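1. Quick check, what structure comes out for this input:
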Amino acid sequence: MNHPMSQALNPLFPAFEPHLVAVNGVHIQARIGGAGPPLLLLHGHPQTHAIWHRVAPRLAQTHTVVMTDLRGYGDSSKPVGTPDHSNYSKRTLALDQLAVMRHFGFDRFEVLAHDRGARVAHRMAVDHPSAVQRLVLLDIAPTLAMYAQTTDAFARAYWHWFFLIQPQPLPERLIEADPAAYVRDVMGRRSAGLAPFDPRALAEYQRCLQLPGTAHGMCEDYRASASIDLVHDQQDRDAGVKLTQPLLVLWGEQGVVHRCFKPLEEWQKIATQATGHPLPCGHYIAEEHPEGLLAALGAFFKP
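-> Below you'll find the model as predicted:
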């Protein structure tokens, strides 16, 4: 089943087949292509699976690549948030993605994830260690560590973390007043500006943020991260639960995470096999520095 608007991205992903997959009471937009071991790709804010257009075709030479839009984003479902935000918790979003992979016949797979998607991947790997074989997390430190170590510099740079979690409908209303401008301003104020983005991908991010419910879904993702997700992360911390899979952490040396945190050190506190390094780019690694990302992935994903 296809979402009709998903066809607009076919030029960016000519060898990938779009699907709209029914899971957990929602529909998740997905694209699949390639051959080999299964690899799930998850995007971040305020984007969609279009972020992978510069790396997915290469990855599909060695893997069966599945890309999705997270619940609340892109052409996936955008349910109304519950009072405790649990239907946008990373635990729930991870279950969506697990069900998508099972739909395609994959019970065990590797994960490459950026930003919000990396937080979903973190939770998936903790909750379902037998499903996630290896994972790569792009330009994040653990959510709990980032909130606990928030400084003036971080709050100013990641202002959206504190704007999006305000009670509805304030942030939704302000975003919906000019969704295209929100995308341009949030993405364009990062280190590289708007120059790295393919106009077709940028148009897709803007189209999707204008869809009914996207602003709300995005806010609920962040509201969950500042509430129920922190509870889940603290429970893991208190119980000594760690990520046990091989974990590669990559981040942009021109980005906020590099400037405000020590991402590898933070991941090594909660993972038993974490390695990683910065790349010479900003936040949007897959679009700013695809060759460097592909080189790191090639070494990490070798059988």
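
2. Not counting residues beside it along the chain, what's closest to residue 196?
-> residue 288 (4.5 Å; C-beta to C-beta, 6 or more residues apart in numbering). C-betas here are computed from N, CA, C, even on glycine.

3. count of neighbours near that neighbour?
-> 23 (other C-beta atoms under 10 Å).

4. Look up how far residue 51 lies from it.
-> 10 Å (C-beta to C-beta, to the nearest Å).

5. And residue 273, by the same measure?
-> For residue 273 relative to residue 51 (C-beta to C-beta), the value is 26 Å.

6. Between the two, tell me which one has more neighbours.
-> The residue with more neighbours, out of residue 273 and residue 51, is residue 51; 27 against 14, by other C-beta under 10 Å.

7. Chain neighbours aside, what residue packs nearest to that one?
-> Nearest to residue 51 is residue 43, by C-beta to C-beta, 6+ apart, at 4.8 Å.

8. what's the neighbour count on the one you found?
-> 26.

9. Next: the one 10 residues further on.
-> A count of nearby residues for residue 53, using other C-beta under 10 Å, gives 21.

10. do the same with residue 300
-> Neighbours of residue 300 (other C-beta under 10 Å): 18.

11. tell me the SS of the nearest residue to it once chain neighbours are set aside?
-> Excluding the flanking residues, the one nearest residue 300 by C-beta to C-beta, 6+ apart is residue 248, at 4.7 Å. Here residue 248 is recorded as strand under DSSP: H, G, I helix; E, B strand; the rest coil.

12. Report the separation between residue 248 and residue 263.
-> Distance of residue 248 to residue 263, computed by C-beta to C-beta: 12 Å.

13. which one of the two has more residues nearby?
-> When residue 248 and residue 263 are compared for neighbours, residue 263 comes out ahead with 25 against 22, by other C-beta under 10 Å.

14. Excluding sequence neighbours, find me the nearest residue to residue 140.
-> With C-beta to C-beta, 6+ apart as the criterion, residue 140 has its nearest non-adjacent residue at 4.7 Å, and that residue is residue 118.

15. Please tell me how far that neighbour sits from residue 203.
-> From residue 118 to residue 203 the distance is 24 Å (C-beta to C-beta).

16. Comparing these two, which shows the higher neighbour count?
-> Neighbour count, other C-beta under 10 Å: between residue 118 and residue 203, residue 118 has more, with 26 against 16.

17. Tell me which residues touch that one, please.
-> 42, 44, 137, 138, 139, 140 (C-beta atoms under 8 Å, 6 or more residues apart in numbering).
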